[in-house]
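>>> Sequence first, predicted model second:
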Amino acid sequence: MSREERDGAAERGRVLLVEDEPGTAELMRRTLQRAGYGADVASGVKAGLKALGDSGDGDYMALLLDYHLPDGEPWQLADAAQARVPEVPVVFVTAMSNEGVAIEAVRRGFADYVKKTAGFWNELPAVLERVARLNRIKGRLDETSALMRAIVEHSSDLVAVCSGEGDLVYLSPVCETMLGWDAAERVGHPWSELVTEQDQGVVRALLSGPEGRTGQVVTVRCRRKDGSFAWVEARVALLRAHSAAQPMIVLTFHDVTARRENEQRMEASLREKEVLVREIYHRVKNNLQVIQSLLKMRARPLPPGEAREAIESTVQRVFAMALVHERLYRMEDLARLSLGDYLRDLFNGVAASNSAQPDQVELRMDVEEIPLSLDLAIPFGLLVNELISNCFKHGFPDGRRGTIEISIHRTPGAVRTVIKDDGVGLGEHFDFGACPSMGLKLAASLAHQLGGHLDFSSDHGCRVQADLARL
């Protein structure tokens, strides 16, 4: 062999020829050399086994094996070649036309089958080319398969592969730790035995629906061997193969039992806390009502005047605070107060405390439903209480009839609150800053606490506006 031939052979690979007829073996060797392959010749089974043993791992890219050998069956040599790592592909070469031999070769996983016809050796380079290409593809598939198996078997998620009919053909080993079942003992059973009867319909709905739904995640319960169940997030995928009439089903189960149990404990704890908070609101409201009653009892014997008015104003302020707790006690959402209902109740309470007739002063509201937390509801309620009380006291003296309008809407960066009446209006020389009224001073302080200030104007009554930035 020339240097160029040796370089080409080294580049394309070496082949082991096992052929007992020297002339045929030589023709095969020369044909392969011309095609750029190196070739070693062995005359029988023993020589072939020795060549494989002496070659070192991976030296031969293929084994060309004659069926008739003088010292034994060819299958022994084929098994030795296929047992090597990496495997040496076997090409069966025979002059026989026995179909049984060909079937046996296919059953044993031979890479190709060549009949000895006139000039058959000229076919060998093309056969080797095809075998090499298939071997590379097989190698990549084997690597991918090994990688995927390693990923699946080391995953904490349970992977179940089912036939199109729904019978399990594979379960990943985590089945034992997740559900207590040995993976092998569940193979052949329907997948539905893994899922509780109540939740099987959820998985079937994914399988029977449009194929796009198979990427969805559903939460179901899987049966453990001991009779308990595990909460899992289940995904469904379909694997389609040309050889199968129905796609195979891949189910992936991610164990969320611990998370689900924590959520249930948290929900139970929240329910308990909600009951306690409601009870607190209820007791605070009752205590404030007791304070109201005590103040009213103290005010009754007092003659009309400043002292009695101060106590009655305090009673109304306590009522405004108690009303917040009563509203929250009755609401489903303990964190937020319904503004419209609260203001309507507040108006009715002020009207009652001022001994107004039911139809003397009409309330008109244009209120955007802005949810209020407890820490904002009480100062806001006290502010509105002072302004409505001011309307009743000074806008409608001596039973005068009229209307109070409340407008509350969001504006950029604030909530605009306007309380307007069509009563007698402000005095000609009214000066809010110099006014000694405790109620108005309290209202100004509450507005400042809520991020705004009070603006008074008089046009056919009294109008008070506050842009509150903290609501």
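Yep, it's here. Residues are numbered from 1 along each chain as shown.

>>> Show me what counts as buried in stretch 393-413.
Buried residues in stretch 393-413, counting neighbours by 16 or more other Cβ atoms under 10 Å, are found at 393, 394, 395, 396, 402, 403, 404, 405, 406, 408. Glycine gets a C-beta too; all of them are placed from N, C-alpha and C.

>>> check contacts around the fourth one.
Shown here is residue 396, whose contacts under the criterion Cβ atoms under 8 Å, 6 or more residues apart in numbering are 356, 360, 361, 402, 421, 423, 424.

>>> try the third one
When the contact criterion is Cβ under 8 Å, 6+ apart, the partners of residue 395 are 402, 404, 421, 422, 423, 424, 425, 461, 462.

>>> now the first one
Applying Cβ under 8 Å, 6+ apart, one finds that residue 393 lies in contact with residue 354.

>>> Quick check: it vs residue 350, distance?
10 Å (Cβ to Cβ, to the nearest Å).

>>> Over to the third one?
Between residue 395 and residue 350 the distance is 12 Å, computed by Cβ to Cβ.

>>> per-residue confidence for residue 198?
The model reports residue 198 with a pLDDT of 90.

>>> Could you give the separation of stretch 454-471 from the chain centroid?
49 Å (Cα atoms, centre = their mean, to the nearest Å).

>>> next one: stretch 222-241
On Cα atoms, centre = their mean, the centre of stretch 222-241 falls 17 Å from the chain's centre.

>>> Next, count neighbours for the closest residue to residue 104 other than its chain neighbours.
Nearest non-adjacent residue to residue 104, counting by Cβ to Cβ, 6 or more residues apart in numbering: residue 75, 7.9 Å away. Using other Cβ atoms under 10 Å, residue 75 has 15 neighbouring residues.

>>> ok, then the element right after the helix or strand containing residue 75?
Per DSSP states H and E: residue 75 is located in helix 74-82. Going down the chain from helix 74-82, the next helix or strand is strand 90-94, by DSSP H and E.

>>> Residues in contact with that following strand: which ones?
Residues contacting strand 90-94 (Cβ under 8 Å, 6+ apart): 19, 62-68, 74, 78, 81-82, 101-102, 105, 108-116, 120, 127-128, 131.

>>> average pLDDT across stretch 59-76?
Mean predicted lDDT for stretch 59-76 stands at 84.

>>> Am I right that residue 113 is in a helix?
No. The assignment for residue 113, made by DSSP: H, G, I helix; E, B strand; the rest coil, is strand rather than a helix.

>>> Give the other helices and strands that the particular helix or strand that has residue 290 in it contacts.
Per DSSP H and E, residue 290 falls inside helix 257-299. In terms of contacts (3 or more Cβ pairs under 8 Å, 6 or more residues apart in numbering; DSSP states H and E), helix 257-299 is packed against strand 229-239, helix 306-330.

>>> where among those is the average confidence lowest?
helix 306-330 (a mean of 78).

>>> what bits of the protein have low per-residue confidence?
1-11, 55-58, 96-102, 142, 145-146, 148, 209-215, 241-245, 328-337 (pLDDT under 70).

>>> Helices of that one, residue ranges please.
With DSSP state H, the ranges of helices along the chain come out as 3-12, 22-34, 45-55, 74-82, 99-107, 124-154, 174-179, 183-186, 200-208, 257-299, 306-330, 339-353, 374-390, 438-449.

>>> Could you say which of those is packed most deeply?
Comparing the helices of the chain by mean neighbour count (mean count of other Cβ atoms under 10 Å), helix 374-390 ranks first with a mean of 22.

>>> Residue 91: neighbour count?
20.

>>> Residues contacting stretch 374-385, please?
Residues contacting stretch 374-385 (Cβ under 8 Å, 6+ apart): 316-317, 319-321, 323-324, 328, 335, 337, 342-343, 346, 350, 372, 406, 417, 419, 442-443, 446-447, 449-450, 466, 468, 470-471.

>>> now do 6 Å
Identification of contacts with stretch 374-385 by Cβ atoms under 6 Å, 6 or more residues apart in numbering yields 320, 321, 324, 337, 346, 443, 446, 449, 450.

>>> contacting residues around the last one?
Yep, that's residue 450 we're talking about. Taking Cβ under 6 Å, 6+ apart, one finds 379, 468, 470 in contact with residue 450.

>>> which ones are touching residue 292?
Counting by Cβ under 6 Å, 6+ apart, the residues that residue 292 touches are 315, 318.

>>> one more time with 10 Å
314, 315, 316, 317, 318, 319, 321, 322, 353 (Cβ atoms under 10 Å, 6 or more residues apart in numbering).

>>> Please apply the same query to residue 29.
Counting by Cβ under 10 Å, 6+ apart, residue 29 has contacts 1, 15, 17, 19, 37, 38, 39, 40, 41, 64, 121, 124.

>>> about what we covered before: would you mind giving the contacts of residue 450 as TSV with distance to residue 89 added?
What follows is the contacts of residue 450, written out as TSV (distance: Cβ to Cβ, whole Å):
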residue	distance to residue 89
379	87
468	84
470	80
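
>>> which of these lies closest to residue 201?
residue 470 (51.0 Å; Cβ to Cβ).

>>> With adjacent residues omitted, what lies nearest to that closest one?
Counting by Cβ to Cβ, 6+ apart, the residue nearest residue 470 is residue 451, at 3.8 Å.

>>> Isn't that neighbour up against residue 417?
No. Counting by Cβ atoms under 10 Å, residue 451 does not reach residue 417; the two are 11.5 Å apart.

>>> joint contacts of those two?
466, 467, 468, 471.

>>> Now the last one: closest residue in space, sequence neighbours ignored.
If I follow you right, that is residue 471. Counting by Cβ to Cβ, 6+ apart, the residue nearest residue 471 is residue 415, at 4.0 Å.

>>> ok so, going back, most neighbours among the shared contacts of residue 451 and residue 417, please name it.
Result: residue 466 is most packed of the shared contacts of residue 451 and residue 417 (other Cβ under 10 Å), 26 neighbours.

>>> these two touch, right, that one and residue 407?
No. With contact defined as Cβ under 10 Å, residue 466 and residue 407 do not form a contacting pair (11.3 Å).

>>> For residue 237, which non-adjacent residue is spatially closest?
residue 250 is the one closest to residue 237 (Cβ to Cβ, 6+ apart), at 4.3 Å.
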